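J.: need a structure here:
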Amino acid sequence: MDTINKDKYNWMVLAPSKDRHQIDELEEGKIIRRFVDDQWICVVKNNGEVFSFKDKCPHAGASFFKGSCEDGKVVCPLHRFGFDLKTGRGHGLYLENYPVKLHEDQYLIGFEKNIFGF
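T.: So this is what the prediction gives:
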């Protein structure tokens, strides 16, 4: 089995080299959006770590873009529910979050592969 198939994620470009500074220089707690794989993704830096998650609250479907990041949680601007940036857990629901890594001078986001490996 080759190394690529061992990874449980499909890695896609979140910020190419020319836009890398937008994440490198991102202010702590400020939420920005990127369009990746036909969907809006929010990106936030918390304690120097970069987090990404789907721009859709699992409770009411509101955008997190106008929300806030407080104490390691992203807070929905609509109903003020907080979701943990690491686990996605909050109020009995789960935020759809994605791993981020810096690779060859660009930021990549990982989308979990389906059962067929895509």
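
J.: so what's Val13 up against?
T.: Neighbour list for Val13: 36, 106-109 [criterion: C-beta atoms under 8 Å, 6 or more residues apart in numbering]. (Each C-beta comes from the backbone N, C-alpha and C, glycine too.)

J.: how about Glu96, what does it touch?
T.: By C-beta under 8 Å, 6+ apart, the neighbours of Glu96 are 53-54, 56, 58, 88.

J.: so the residue nearest the centre of the chain versus Leu85, what's the distance?
T.: Nearest to the geometric centre of the chain sits Ser52, at 1.1 Å (C-alpha atoms, centre = their mean). Distance, Ser52 to Leu85, by C-beta to C-beta, to the nearest Å: 9 Å.

J.: shared neighbours of the two, anything?
T.: Common neighbours of Ser52 and Leu85 (C-beta under 8 Å, 6+ apart) are 44, 97.

J.: hang on, the earlier thing: got a PyMOL select line for the buried ones in the contacts of Glu96?
T.: In PyMOL syntax, the buried subset of the contacts of Glu96 is picked out as below (16 or more other C-beta atoms under 10 Å):
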select buried, resi 53+54+56+58+88
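
J.: taking the contacts of Glu96, tell me the two that lie furthest apart.
T.: Using C-beta to C-beta, the pair of these lying farthest apart is Lys56 and Gly88, separated by 12.3 Å.

J.: want to throw the contacts of Val13 into a markdown table with neighbour count and pLDDT?
T.: Listed next are the contacts of Val13 as a markdown table, based on neighbours: other C-beta atoms under 10 Å; pLDDT from 0 to 100:
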| residue | neighbour count | pLDDT |
| --- | --- | --- |
| Val36 | 18 | 97 |
| Gln106 | 16 | 97 |
| Tyr107 | 22 | 98 |
| Leu108 | 20 | 98 |
| Ile109 | 23 | 98 |
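
J.: thank you kindly, that will do.
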